[in-house]
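1. Sequence and predicted model, in that order:
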Amino acid sequence: MIKPGDFLKHSEMKQLILIAGLFLVSITTQGQKWQHTFGYPGTSEDSRELIEHYDHGYIVTSCQSSGTQGHGWLVKTDINGNMLWDIEIGINPDIVIPAKTLFDEEGNIYIFGLLKQNLPMEYPLVVKLDACGELLWCRLLALEGYEFGFATDAIILDNGDLLSLVFLTDPDYKKMVFLFRMSSDGDLIWIKEYASLENHPYYGTRIGQSIKMLGDLIVITGYTYSPYPNSPNPYHVYQRPMFIGIDENFEEKWIVEFGINDSLLGRAETVVPINDTLFMGVGRYRFINENGNMDKKAWLMFFNHQGEQVGYKILDDDQFGPEVLETCLFEVEQIERDKYLLSAGYLNSEIDDYNKGEFVADTAGNVYNYTIRENTSGGGGI
């Protein structure tokens with residue numbers, strides 16, 4: 001059982017030790033750049049997310065581990081990236097892995113993720129802190145009979161309610177994609193399932209990666225496993241990007257199973273609006289290369305507000321430097337007109353591993369520049 005006194009613990013503010021966990025922010029409006037690295041002796045930090053807080057400082061959510069024990073870790077900084085305070089989230093054996101951080105108009109902080117408790121049981125979780133990092137409440141997002149799940153993303157609705165995208169699965173693996181709606185006090189309002197087997201009987205595993213409010217639509221981005229159209233074996237399934245359109249009544253309106261008619265495989269991570277009726281999803285295209293090995297390329301996917309696929313761009317390795325052997329995309333943000341900043345993972349031949357970084361591209365698939373961040377790892381995915 002989670003006890004509030006055990007769940008959060010303020011770390012003592014001693015000398016800052018520069019170890020793992022690169023924290024890099026460019027403040028474009030002021031032309032200012034700075035870099036800070038956070039950590040403590042004998043610990044390892046795995047950065048998860050960085051957001052700008054209500055006071056223009058920053059919140060960094062990550063996981064911190066020492067030996068076999070780990071927990072969530074939240075760092076609050078000022079506008080220049082100097083640490084103001086940090087909090088451990090989930091003390092062994094109640095391990096918390098954060099996935100999404102939001103804040104409301106009062107600066108209250110909401111952390112969505114995964115609670116590992118009495119393994120192998122793992123549950124989706126949301127925690128609310130005040131602007132100073134003090135615990136207000138925590139809630140498990142659980143259903144009776146479900147013993148495994150996690151929260152992947154969340155948004156705050158206009159009235160202040162929380163809408164969390166959750167993966168939960170029953171023993172028969174029939175239900176997987178859910179939205180939990182809660183009040184800002186943590187009271188459950190409703191739970192709805194999407195991409196159900198009742199409506200899509202040949203779907204295999206379904207995962208929702210992100211949720212965005214795009215005008216009068218909510219779009220869940222992720223991936224599903226499904227057969228080829230008219231396949232003689234409908235139970236032989238393949239990974240494909242999935243976009244779920246949800247109307248103003250939170251009902252499923254359509255699903256774009258991207259690339260199915262073109263025999264394209266891969267997964268999507270998130271989506272951004274191009275205009276009022278056209279959206280761009282980003283992710284990775286997966287294929288077998290000429291050497292017979294699995295390969296990945298950055299993938300731009302275009303579809304409209306009616307749930308119709310309208311085109312795509314797959315970015316070739318030769319659009320980057322000779323050291324880039326694979327690419328995949330995670331986040332996207334419009335920076336000017338038809339140019340977008342994309343966070344990426346690169347298979348870097350110089351170290352034979354994945355580095356993270358970013359690049360700028362337009363919707364035609366032109367790459368204007370790219371950066372590989374040294375001393376970062378991860379991002380290959382599946």
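-> On my side now, so go ahead. Numbering: from 1, shown residues only.
2. Secondary structure element holding the residue lying farthest from the centre of the chain?
-> The C-alpha centroid of the chain is most remote from P232, which lies 34.9 Å away (Cα atoms, centre = their mean). Assigned by DSSP states H and E, P232 belongs to neither a helix nor a strand.
3. Report the separation between it and I260.
-> Here the distance between P232 and I260 works out to 16 Å (Cβ to Cβ, to the nearest Å). In short, each C-beta sits where N, CA and C put it, glycine included.
4. and the longest strand along the chain, which strands flank it?
-> Once the chain is assigned using DSSP state E, the strand that runs over the most residues is strand 324-336. Strand 324-336 pairs in its sheet with strand 339-348 (antiparallel), by DSSP bridges.
5. for whichever helix or strand comes after the strand it pairs with, the distance to its chain's centre please.
-> Stepping forward along the backbone from strand 339-348, the first helix or strand reached (DSSP H and E) is strand 353-362. When C-alpha coordinates are averaged (Cα atoms, centre = their mean, to the nearest Å), strand 353-362 and its chain have centres 16 Å apart.
6. Stretch 289-307 too?
-> Here the centre of mass of C-alpha atoms in stretch 289-307, compared against the chain's by Cα atoms, centre = their mean, lies 18 Å away.
7. Buried ones in it, by neighbour count?
-> Of the residues in stretch 289-307, those buried under the neighbour-count criterion (16 or more other Cβ atoms under 10 Å) are D295, K296, K297, A298, W299, L300, M301, F302, F303, H305.
8. Only alpha carbons, please: show that stretch as PDB.
-> Listed in PDB are the C-alpha atoms of stretch 289-307, where the atom choice follows Å, rounded to 0.1, in the frame of the first residue of the first chain:
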ATOM      1  CA  ASN A 289      17.300  -4.200 -46.000                       C
ATOM      2  CA  GLU A 290      19.500  -5.700 -48.700                       C
ATOM      3  CA  ASN A 291      21.600  -7.500 -46.100                       C
ATOM      4  CA  GLY A 292      18.500  -9.200 -44.700                       C
ATOM      5  CA  ASN A 293      18.600  -7.200 -41.500                       C
ATOM      6  CA  MET A 294      15.800  -5.200 -39.900                       C
ATOM      7  CA  ASP A 295      16.300  -1.400 -40.700                       C
ATOM      8  CA  LYS A 296      14.500   1.700 -39.700                       C
ATOM      9  CA  LYS A 297      13.900   5.100 -41.300                       C
ATOM     10  CA  ALA A 298      12.200   8.300 -40.100                       C
ATOM     11  CA  TRP A 299       8.600   8.400 -41.300                       C
ATOM     12  CA  LEU A 300       6.300  11.400 -41.900                       C
ATOM     13  CA  MET A 301       2.600  10.300 -42.200                       C
ATOM     14  CA  PHE A 302      -0.200  12.600 -43.500                       C
ATOM     15  CA  PHE A 303      -3.900  12.100 -42.900                       C
ATOM     16  CA  ASN A 304      -7.000  14.300 -42.700                       C
ATOM     17  CA  HIS A 305      -9.600  15.100 -40.100                       C
ATOM     18  CA  GLN A 306     -11.900  12.500 -41.800                       C
ATOM     19  CA  GLY A 307      -9.500   9.700 -41.100                       C
END
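9. which stretches of the stretch 51-200 of the chain form strands?
-> In order along the chain, the stretch 51-200 of the chain carries the following strands (DSSP state E, counting those that start in this stretch): 58-66, 69-77, 83-89, 95-103, 109-116, 122-129, 135-140, 148-156, 162-169, 177-182, 188-194.
10. Just send these back as a markdown table, with mean neighbour count, mean pLDDT and distance to E290 too.
-> Formatted as a markdown table, the entries for the strands of the stretch 51-200 of the chain read as follows, by neighbours: other Cβ atoms under 10 Å; pLDDT from 0 to 100; distance: least, Cβ to Cβ, whole Å:
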| stretch | mean neighbour count | mean pLDDT | distance to E290 |
| --- | --- | --- | --- |
| strand 58-66 | 21 | 85 | 38 |
| strand 69-77 | 22 | 85 | 41 |
| strand 83-89 | 19 | 90 | 46 |
| strand 95-103 | 21 | 90 | 37 |
| strand 109-116 | 24 | 91 | 39 |
| strand 122-129 | 24 | 90 | 40 |
| strand 135-140 | 16 | 92 | 48 |
| strand 148-156 | 21 | 93 | 35 |
| strand 162-169 | 23 | 93 | 35 |
| strand 177-182 | 22 | 96 | 36 |
| strand 188-194 | 14 | 96 | 38 |
